[in-house]
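> Provide a 3D model corresponding to the input given below.
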Amino acid sequence: MHGIIGKTHKIDPQELVRIVLKSLPAVLLGTLLNILDGVSYGMIIFPESGVFAGLGGMGVSMFFVSTVVAQLVYCLGGSSFAGANGSMMIEVVPFFHILASTIARDIGGEYPKEIIATTIAAFVLSSVLTGLTFFLLGYLRLGVLIGFFPRHILVGCIGGVGVFLILTGLTVSTRLSSDALDPPTLETLRYFILNTHALAQWVPPLILAVLLRVITMRWKHQLVFPIYFMIIPVVFYVVVAAAQLNLGSLRRDGWLFDMAKGTGGSEDKWYGFHSYLDLGLIQFTPLWTTLPIQFALHVSHHSSVSLDVDIDTNKELLSHGYSNILAGLLGTVPNYLVYVNTLLFYRVGGGTRIAGFLLAVATFILLMIGTGPIAYIPVMVVSALIFVLGIDLVKEALWDTRHRVSRMEYITIVSIMVTMTAWDFVIGVLFGIIVSCFFFVVQNSQRRSIRACYAGESAISTVRRPAAHRAYIREVSKQTRVLRLQGFLFFGTITHVEETLRNIVEDAPWRRNPVRFVVVDLSLVVGVDMSAAEAFVRVQRLLAAKGVVLVFCGVTADSPCGKALSSVGILQEPSVELFETLNDAMEWTENAYLRAWFRAQKSWTTPITLPGRRDTTLSFDEALTGSPRQMQLRDVGERTIAGAEFLDKDSENSSEPYNTLLNAFSSYHDVDQNTFKQIAPYFERFTFSDGFVLWENNDTPDGLYIIESGILRASYKFAEHSPVIEESMVSGTLAGELSALSGMPRNARVVVEQQAVLWKLSLENMRRLEAERPHLAQIFVQLVLKAAKVDTDILLAALATR
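Numbers count the residues shown, from 1 in each chain. This is a model prediction of the structure:
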């Protein structure tokens, strides 16, 4: 309990007296607000019909008991607000009416005591369930879950409660039964509109409620509200005295409340409602049937405790748990912290726990006085209060949200209010949840799941290749189509994706641009449901029939998306591939194009070693003839690779490093071959095994390298939060050229991926070349810079498309 009550402090008696005196205005204001709320909403806890007629006084007592319990829990340290104001949960009144009506219908009107006992037990059950829910949420520190419930559903429920209160204000004003407008009949409407006495009863309170809101729009002082409702009864009795009207006649005509003896139980004592809680009278079967209503009531609870302030939500939930469990044990209704009343309390000097405790004492005194004084309160005061809250809640739901929510959310709010008013509050809550789910699907279906769709030539991999190979790949990669997806793929979003994939192999697009690979990038996809996975299966069958390979990338087999695809068996298909990154996928497709060309030339051993995964299962037709796709590979290869000077090691003109220099630079400039022969003596030959680290990031450069054979892999780490960028370098390309020429530290870590033979131009030999053959050195630097620019452009383009 010490954790509930909080720390104790010693206070000087004089300081205590000063705090008490300073708190008196706030305590007076808080007491007045409790009187207004208690009389207004306590009177309507029970329906004013059937066996519940005349139980308004008992409802007021239950209101004050719940309020005192909440006030004590909050002021003794349960709440972070030192001067927190507790009150009965007003928003649940419509659900209480449904509970009472359901129980009365199930039991039967010939058992009034059983009906009342079971109804009070249902109210107590709602308090206990509410307390347990709040306590568990706070204890498990799950207060953040409250924010996960759709806000517009809660707003719709609030608006439905507002309509209920407006209708209740009409029935209270005219002293009709609470079900007179449930549903409204033509005869009832005629009575409200054409009956002069009825008009005189409900029009003034409605005008008073509207007038108050007009006044508060101009003057926003916190005392306007209580003073306004203090003036109304004064004016009422001044008119009564001036006209010399009889109070008994006014009471019979419905201008004053008729508090008959015995309606509160045990001769109208404040604890009289306990006399109805007889376990022998409680009917548990009807109580069990009210559980769906209790669920809807819990939804309303979540909206009631939402505060737009920065506080420890878990602590507030714990305090609400304690206060509601205690209220249930005392046989009364749920409660909560009223933020508006708390704010007014603070502004008038009630920001201490002593002020909160004094308010609890003052409210308890009101409870002890009993419900007798209610007989002298004008009905129009209570009706006006009910109208005010009803109008405020409807305004909050309809007017305040008109520019803050989407059209679909606004339709949901209105539909919940209409359903609650026309049918039932429980149906309204369930209808709101269903409509929200439907609109959620519709809204997400309208979002773009396709982030980008382009040809493979726009997404070349980061592999450094000879210029002729790059030229070949850039043209034939038009046969690769890249589809980058995003968001959550489900039955609502996969339709557009499936249609786009199908269009790739449609007759007209296929004739213009036949495709060999379709790469689907899932790196920005958060999840794939079964419907979406099955759609990929259908598309894969269509692609496979056209000889198109479907390549997934951006996921792993054990990731959520990978598991979803594996569950439908698509990853096990022979014409489906899976890669971790888009770069790996594009590298694999480029290698497949290169292998296809060299195999067509009857060169079963590719002249250079290719990086990445080494697949032997995928092969095109040996002779690139027949289909448009194969003919394009042949034509492009003849114009690019076949036309380049790649010397065989067995050629009689072959020598190293001349052959490697020629392969690396001949595509960038029309240079006399003797130039390469003159540069060759300045290079030194090195052989490195797999896994050897050539240099680390930020190392001092020792020269540049030209790759004769093997593969190097560079790893770039540009920032702590950025992923590592991998770049492979194959034979006929450069490594470390920019840092060597600039003299700046290395910007990557370079490792030998496959045993490599490298030709190194050290910094010493570079200086010797500049001194002995300056013109030759200038030509060589130009060639290196041209190659470096192309390599950098490729790397930047790859990063831009990621």
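> didn't Thr290 look like it was pressed against Arg105?
No - between Thr290 and Arg105 there is no contact under C-beta atoms under 8 Å: 11.2 Å. Just so you know, the C-beta spots here come from the backbone N, C-alpha and C atoms, and that holds for glycine as well.
> Just the strands from this structure, written as ranges.
Taking DSSP state E as the criterion, the chain carries its strands at 86-88, 335-337, 450-455, 480-489, 517-528, 549-553, 576-579, 684-688, 693-695, 703-716, 725-729, 734-735, 749-762.
> circling back to that earlier point, shared neighbours, Thr290 and Arg105?
Common neighbours of Thr290 and Arg105, using C-beta atoms under 8 Å, 6 or more residues apart in numbering, do not exist here.
> between the two, which one's more packed in?
Thr290 (24 against 13; other C-beta atoms under 10 Å).
> Adding mean pLDDT, write the strands of the chain out as a markdown table.
Converted to a markdown table, the strands of the chain look like this (pLDDT from 0 to 100):
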| stretch | mean pLDDT |
| --- | --- |
| strand 86-88 | 90 |
| strand 335-337 | 89 |
| strand 450-455 | 88 |
| strand 480-489 | 91 |
| strand 517-528 | 92 |
| strand 549-553 | 94 |
| strand 576-579 | 92 |
| strand 684-688 | 94 |
| strand 693-695 | 93 |
| strand 703-716 | 92 |
| strand 725-729 | 88 |
| strand 734-735 | 92 |
| strand 749-762 | 93 |
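> tell me the most buried of the ones you listed?
Of all those, strand 86-88 carries the top mean neighbour count, a mean of 28, counting by mean count of other C-beta atoms under 10 Å.
> What strands line up against that one, and which way round?
Looking at strand 86-88 with DSSP bridges, its partner strands are strand 335-337 (antiparallel).
> Now tell me what touches the partner strand from outside.
Contact with strand 335-337 is made by 66-67, 69-70, 74, 79, 81, 84-89, 127, 301, 304-305, 307, 316, 319-320, 323-324, 327, as judged by C-beta under 8 Å, 6+ apart.
> Straight-line length of stretch 35-48, end to end?
Using C-alpha to C-alpha, to the nearest Å, the end-to-end distance of stretch 35-48 comes out at 20 Å.
> mind checking which of the strands of the chain is nearest Thr118?
Distance to Thr118, taken as C-beta to C-beta, is lowest for strand 86-88 among the strands of the chain, at 20.3 Å.
> where does the closest one sit relative to the chain's centre, distance-wise?
31 Å (C-alpha atoms, centre = their mean, to the nearest Å).
> Can I have the buried ones of the contacts of strand 335-337 as a ChimeraX selection?
Those of the contacts of strand 335-337 that count as buried under 16 or more other C-beta atoms under 10 Å are selected in ChimeraX with:
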select :66,67,69,70,74,79,81,84,85,86,87,88,89,127,301,304,305,316,319,320,323,324,327
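> what's the closest of the strands of the chain to Arg511?
strand 480-489 (15.0 Å).
> circling back: including distance to Phe364, could the strands of the chain go into CSV?
Below are the strands of the chain laid out as CSV (distance: least, C-beta to C-beta, whole Å):
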stretch, distance to Phe364
strand 86-88, 12
strand 335-337, 14
strand 450-455, 64
strand 480-489, 54
strand 517-528, 54
strand 549-553, 69
strand 576-579, 71
strand 684-688, 88
strand 693-695, 80
strand 703-716, 73
strand 725-729, 71
strand 734-735, 85
strand 749-762, 75
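> Extract the residue ranges of the stretch 451-600 of the chain that are flagged as low pLDDT.
Residues of the stretch 451-600 of the chain meeting the criterion pLDDT under 70: none.
> residue ranges for the helices of it, please.
Counting by DSSP state H, counting those that start in this stretch, the stretch 451-600 of the chain has helices at residues 467-476, 494-504, 507-512, 530-545, 560-567, 582-600.
> Ser449 is nearest to which of those helices?
helix 494-504 (5.5 Å).
> right, and the helices of the stretch 451-600 of the chain - which one's nearest Glu656?
helix 467-476 (19.3 Å).
> Output the contacting helices and strands for the closest one.
Secondary structure elements in contact with helix 467-476, counted by 3 or more C-beta pairs under 8 Å, 6 or more residues apart in numbering; DSSP states H and E, are helix 582-600, helix 628-639, helix 774-801.
> need those in JSON lines with mean neighbour count and distance to Val17, can you?
Converted to JSON lines, the helices and strands packed on helix 467-476 look like this (neighbours: other C-beta atoms under 10 Å; distance: least, C-beta to C-beta, whole Å):
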{"stretch": "helix 582-600", "mean neighbour count": "23", "distance to Val17": "75"}
{"stretch": "helix 628-639", "mean neighbour count": "17", "distance to Val17": "96"}
{"stretch": "helix 774-801", "mean neighbour count": "15", "distance to Val17": "73"}
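> Format those helices as CSV; extra columns: distance to Ala241.
Formatted as CSV, those follow (distance: least, C-beta to C-beta, whole Å):
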stretch, distance to Ala241
helix 582-600, 87
helix 628-639, 102
helix 774-801, 86
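> my read: Gln754 touches Asp690, true?
Yes - taking contacts as C-beta under 8 Å, Gln754 lies within contact range of Asp690: 6.1 Å.
> Average pLDDT for stretch 182-192, rounded please.
Stretch 182-192 carries an average pLDDT of 81.
> now stretch 362-380
84.
> list the contacts for Pro509?
The contact partners of Pro509, by C-beta under 8 Å, 6+ apart, come to Asn503.
> before we move on, the earlier item: wait, which of the strands of the chain is closest to His496?
When the strands of the chain are compared (using C-beta to C-beta), the closest one is strand 450-455, at 6.7 Å.
> Give me the helices and strands touching the closest one, please.
Short answer (3+ C-beta pairs under 8 Å, 6+ apart): strand 450-455 packs on strand 480-489, helix 494-504.
> the inter-axis angle of that strand versus strand 480-489?
Orientation note: strand 450-455 sits at an angle of 170 degrees relative to strand 480-489 (axes from the mean of the first three to the mean of the last three C-alpha atoms, to 10 degrees).
> my guess is Leu208 meets Val382, correct?
No - if you go by C-beta under 8 Å, Leu208 and Val382 don't touch, sitting 11.3 Å apart.
> neighbour-wise, which of these two wins?
Val382 (25 against 19).
> check contacts around that one.
Contacts here follow C-beta under 8 Å, 6+ apart; on that basis Val382 touches Val39, Ser40, Met43, Val172, Phe257.
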